[in-house]
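Colleague: Fold the stuff below for me.
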Amino acid sequence: MRGLIAIVMGAMLATCSSPPPLLDRIMRTGEIAIVTRNTPASFYYGADEPRGIEYELARGFAERLGVRLRIFTADQVYDTVASRKAQIAAASLTVADARKDVVTFGPAYQTIQPQVIYRLGGKKPRDLDDLLGSRLEVVAQSSHAALLEELRAEVPTLSWVEDFTASAEELIRRVAAGEIDYTIADSHLFAVLRHFYPDLRVAFSLGRDNQVAWALPRGEDSLRESIAAYFAEIEATGELDKILDRYYFASREFDYVGSRAFITHVNTRLPRYRDYFIEAEHSTGIDWRLLAAIAYQESHWNPGAVSPTGVRGIMMLTEHTAEMMEVGDRDDARASIIGGAHYFSRVLRKIPDRIGMPDRYWLGVAAYNLGFGHLEDARIITQSVGANPDSWDQVRDRLPLLGDEQWYRRVQRGYAPGQIAVGYVDNIRRYYEILMWIDGHETFTNQRDIALTDPLPIG
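Modeller: Numbering: from 1, shown residues only. The predicted structure is shown next:
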């Protein structure tokens, strides 16, 4: 009997002294706290909703667990997790051996490279020796600073400045402004920012490839296993690729002249018409930044634009469309924007209700350019080859077939320049994503806590 009592007492003491696994506590409280950083590659608060790769991944994980998400920013994300003020750090973190004594990393979901960034017109460095005698700045106590320490073994006279107040994005801006010569940025961050700083270039990659993963407190095996299962699931379904594509799409096919002109026009032209786009959003429910992106593709925000075919104005309306939308003067910027927005809203309403965002937007933009009938033909072709007609990516791949006689003879409306529509939508997607980041960056406050309203039902 005494032996049995001792065993029971020992079990009770062990239970009292060992807190339950972190995953169990998350499920019991119905909330998960995730710390991140305010960067375009991780998290930022847009004018109306949170955005960013890490935010979308964190939201998806919370939904998978059936708990509420609380996401907040901090400078020292590793310390925040190690001290258990947050259960996960999701902040574009590279898997670093030096951090494994304080945190455990989840599965890698991106591969990135450190890159030396320089400004066009300045000296392009080709190797470490070319950095000697220049002003090279990196974020203090960052993985880039640690990498430079390692590389000093190869180039003993290598020197740099560690900035304790600037973010990686701020250092990129300083290179663009000519305030410093070089900085080091991770490839995924520079890919997102390159359109904002078209005069910047990658000189060369530095060191080895790095893996990006979430960090969590050491010893929390059940939470790590749950994270691993989540990433395995979204990789298998293609959702991970969709999330990454949403934010990196704008960096594809970089056009120096086009990007430089766009950023110039954002600063010089857009302020004149921004209130009209916002007014159009209020009357249609369509994101004003999407309407502005369409208008930029149409006219570069020039209310006096005229095409050889007679369409004109900031939204480049035809006479028929202007008459339908009761736009008396196509050269009047406000009238054109409001009329074009209502016409686009009319097109969007034809898209089947079951199709969600963002596919709904991009299919609608294609229909706005090509005509709804031709879009339907492309969706019919898409379905006929066993692909999903409700997916923009899959319809996008088949739109060019409307220019192929073997295919357009099979559909009701015949030939259409589908490849042009693909380019049209692609450009608008780039402009839209850039406007989303610019607008979100202007309105973000670093102290803001974001919490999804109601937890999803558990189980």
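Colleague: from the middle of its chain, how far away would the longest helix that the chain contains be?
Modeller: Determined from DSSP state H, the single longest helix within the chain is helix 418-443. A distance of 11 Å separates the centroid of the chain from that of helix 418-443, by C-alpha atoms, centre = their mean, to the nearest Å.
Colleague: which parts of that helix are buried?
Modeller: Neighbour-count burial for helix 418-443 flags 418, 421-422, 424-441 (criterion: 16 or more other C-beta atoms under 10 Å). In this view, the C-beta of every residue, glycine as well, is placed from N, C-alpha and C.
Colleague: can you list the residues that contact whatever helix or strand Ile172 lives in?
Modeller: Assigned by DSSP states H and E, Ile172 belongs to helix 168-176. The contact list for helix 168-176 (C-beta atoms under 8 Å, 6 or more residues apart in numbering) reads 39-40, 117-119, 137-139, 142, 163, 166, 180-183, 185-186, 189-190, 193, 197, 199-200.
Colleague: ok, now stretch 333-342?
Modeller: 272-273, 276-277, 279-281, 283-284, 286, 291, 294-295, 298, 303, 313-315, 317, 321-322, 325-330.
Colleague: what number of residues lie near Arg208?
Modeller: 8 (other C-beta atoms under 10 Å).
Colleague: Next, count neighbours for the nearest residue to Arg99 once chain neighbours are set aside.
Modeller: Counting by C-beta to C-beta, 6 or more residues apart in numbering, Arg99 lies nearest to Tyr78, which is 5.8 Å off, once chain neighbours are set aside. Other residues lying near Tyr78 total 17 when counted by other C-beta under 10 Å.
Colleague: What does the pLDDT read for Tyr78?
Modeller: Note on Tyr78: pLDDT of 90.
Colleague: Quick check: which element contains it?
Modeller: Using DSSP H and E, Tyr78 falls in helix 77-82.
Colleague: Beyond that helix, next helix or strand please.
Modeller: Reading on from helix 77-82 to the C-terminus, the next helix or strand found by DSSP H and E is strand 88-94.
Colleague: for that following strand, packing partners?
Modeller: Secondary-structure packing of strand 88-94 (3 or more C-beta pairs under 8 Å, 6 or more residues apart in numbering; DSSP states H and E): strand 31-36, helix 53-65, helix 77-82, strand 210-217.
Colleague: does Phe72 count as helix, strand or coil?
Modeller: Following DSSP: H, G, I helix; E, B strand; the rest coil, Phe72 is assigned to strand.
Colleague: Take the contacts of helix 168-176 and, keeping just the buried ones, write it as a PyMOL select command.
Modeller: Selecting only the buried entries of these in PyMOL, with 16+ other C-beta under 10 Å as the criterion:
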select buried, resi 39+40+117+118+119+137+138+139+142+163+166+180+181+182+183+185+186+189+190+193+197+199+200
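Colleague: The contacts of helix 168-176 in strands, which ones?
Modeller: 117-119, 137-139, 163, 182-183, 185-186, 200 (DSSP state E).
Colleague: Name the stretch among the helices and strands packed on strand 88-94 that sits most buried.
Modeller: By mean neighbour count, with neighbours taken as mean count of other C-beta atoms under 10 Å, strand 31-36 ranks first of those at a mean of 24.
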